[in-house]
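**Q** quick one: sequence plus predicted model below, questions after.
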Amino acid sequence: MPQVPSDPAPAVPAPFGARVARAMAAHGPLCVGIDPHPGLLAAWGLSDDAAGLRDFSLTVIDALGGQVAALKPQSALFERHGSAGIAVLEEVVAVARSARTLTIVDAKRGDIGSTMAAYADAYLRDGSPLAGDALTVSPYLGFGSLAPALDMAHATGRGLFVLCLTSNAEGVALQHARDGDTSVAGRIALGAASANRTARDHGTLGSIGLVVGATIGDGAHEAGIDLAAVNGPLLAPGVGAQGAGGRELAAVFGAARSNVLASSSRGVLGAGPDTRGLLAAARRSADDAATALRA
Ligand SMILES: O=C(O)c1cc(=O)[nH]c(=O)n1[C@@H]1O[C@H](COP(=O)(O)O)[C@@H](O)[C@H]1O
């Protein structure tokens, strides 16, 4: 009897850290946020409902799919439309995947370990409709509470971006607070560095990134954080609408600049709905970031 070949095992994708490093090298260090704010929907001539949300998001992917390092749909702006909005978020993740563009689902999840496992299942498990390539997570229930997400990300080749030094001014009092010699944000950075140790030993970028706002000035130094030692991707929101540009990126990240993925939402989306306008705005922003970060 001839042997019937068994189904090949599903290909395990390269770890997120390697994939995002490759995407940044190919397209420049820019992530564009898909943030369908009510004001932007109105400015694009779209209704503030799930149909408008869908038109908006698919236009962004049409314009930028395969052209930028990553897209970052902002979950709350989909959730505000209820289950129909969440269905659009699922479609965005699927369409971006077929456009071969990395997605970072910006849901900022964080919970006690037992229910964090359910969030990991929702956002990081193979086959889950909400699972993009990476997820933003909040470590403010303790870095250790994120363990189920770290484990699932590791098992499926996905990534995390852990909030560390956020772009908003209100974050400073909590994130810079000291526990002995180490700041709260510093402990988070140490947790990420430890999760990325194996990748560092192999000379590759780890998959556990941090969120470090492009607006924070000398914040990393003040919080006693060596961002380069994290050896993970550094998502830097705050570019564009929050006032940061190339100069701010260079000042914030110093020696860690080659790991930075600058992020802009309204600064690019304001150029829509014309797809050529969106692409031109994204290219300008990516070029500015590349000039500042690759110097
Ligand atoms: O995790 C994030 O993406 C994030 C963290 C942070 O510290 N600051 C920050 O602005 N963001 C997100 O980045 C996006 C910034 O949007 P714009 O200000 O329009 O570029 C929003 O979706 C924010 O929720």
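**A** Alright, I've got the coordinates.
**Q** just the helices in the stretch 151-295 of the chain please.
**A** For the stretch 151-295 of the chain, the helices defined by DSSP state H, counting those that start in this stretch cover 171-175, 184-195, 197-201, 219-222, 246-253, 266-269, 275-293.
**Q** quick one: secondary structure of the closest residue to T275 other than its chain neighbours?
**A** Closest residue in space to T275, ignoring its immediate chain neighbours: A63 at 3.8 Å, by CB to CB, 6 or more residues apart in numbering. Yep, even glycine has a C-beta here, placed from its N, CA and C like the rest. Applying DSSP: H, G, I helix; E, B strand; the rest coil to A63 yields a three-state assignment of helix.
**Q** let me see the contact set for whichever residue of the stretch 51-200 of the chain sits closest to the ligand.
**A** Distance from the ligand to each residue of the stretch 51-200 of the chain (CB to the nearest ligand atom) is smallest for T166, at 3.2 Å. Contacts of T166 were listed using CB atoms under 8 Å, 6 or more residues apart in numbering, and they are 175, 211, 213.
**Q** just curious, which of the residues you listed is nearest to L235?
**A** Closest to L235 out of the contacts of T166 is V211 (4.9 Å), distances taken as CB to CB.
**Q** L130: which of the contacts of T166 is nearest?
**A** Ranked by distance to L130 (CB to CB), those are led by V211 at 19.2 Å.
**Q** tally of neighbours for the spatially closest residue to L141 that is not a sequence neighbour?
**A** Nearest residue to L141, sequence neighbours excluded (CB to CB, 6+ apart): G110, at 5.4 Å. Using other CB atoms under 10 Å, G110 has 20 neighbouring residues.
**Q** mean neighbour count, the helices of the stretch 151-295 of the chain: which tops it?
**A** helix 266-269 (a mean of 24; mean count of other CB atoms under 10 Å).
**Q** any idea how far that helix is from the chain center?
**A** In terms of CA atoms, centre = their mean, to the nearest Å, the centre of helix 266-269 is found 16 Å from the chain centre.
**Q** pull the residues that contact that helix.
**A** Helix 266-269 has contacts (CB under 8 Å, 6+ apart) with 32-35, 37, 40, 60, 239-241, 278, 281-282, 285.
**Q** now with 6 Å, please.
**A** Identification of contacts with helix 266-269 by CB atoms under 6 Å, 6 or more residues apart in numbering yields 32, 40, 240-241, 281-282, 285.
**Q** name the nearest of these relative to R97.
**A** V32 (16.0 Å).
**Q** interface residues of the protein facing the ligand?
**A** Contact residues, the chain versus the ligand (CB under 6 Å from any ligand atom): 33, 35, 74, 106, 108, 136, 166-167, 211, 213, 237-238, 240-242, 263-267.
**Q** are any of these buried, and which?
**A** By neighbour count, with 16 or more other CB atoms under 10 Å, the residues of the chain next to the ligand hold 33, 35, 74, 106, 108, 136, 166-167, 211, 213, 237-238, 240-242, 263-265, 267 as buried.
**Q** so which of those residues are in strands?
**A** 33, 106, 108, 136, 211, 237, 263-264 (DSSP state E).
**Q** next, the distance between the ends of stretch 169-178.
**A** 17 Å (CA to CA, to the nearest Å).
**Q** in the chain, where is pLDDT below threshold?
**A** 1-12 (pLDDT under 70).
**Q** and I112, how many neighbours?
**A** 10.
**Q** hmm, I typed the wrong one, I wanted D226.
**A** Neighbourhood size, D226 [other CB under 10 Å]: 15.
**Q** do you know how far it is from G219?
**A** D226 sits 13 Å away from G219, going by CB to CB, to the nearest Å.
**Q** isn't G191 up against F143?
**A** Yes. Between G191 and F143 there is a contact under CB atoms under 6 Å: 3.8 Å.
**Q** returning to what we had before: so can I have a markdown table of the contacts of T166 showing distance to H154?
**A** As requested, those are arranged in a markdown table below (distance: CB to CB, whole Å):
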| residue | distance to H154 |
| --- | --- |
| Q175 | 25 |
| V211 | 19 |
| G213 | 26 |
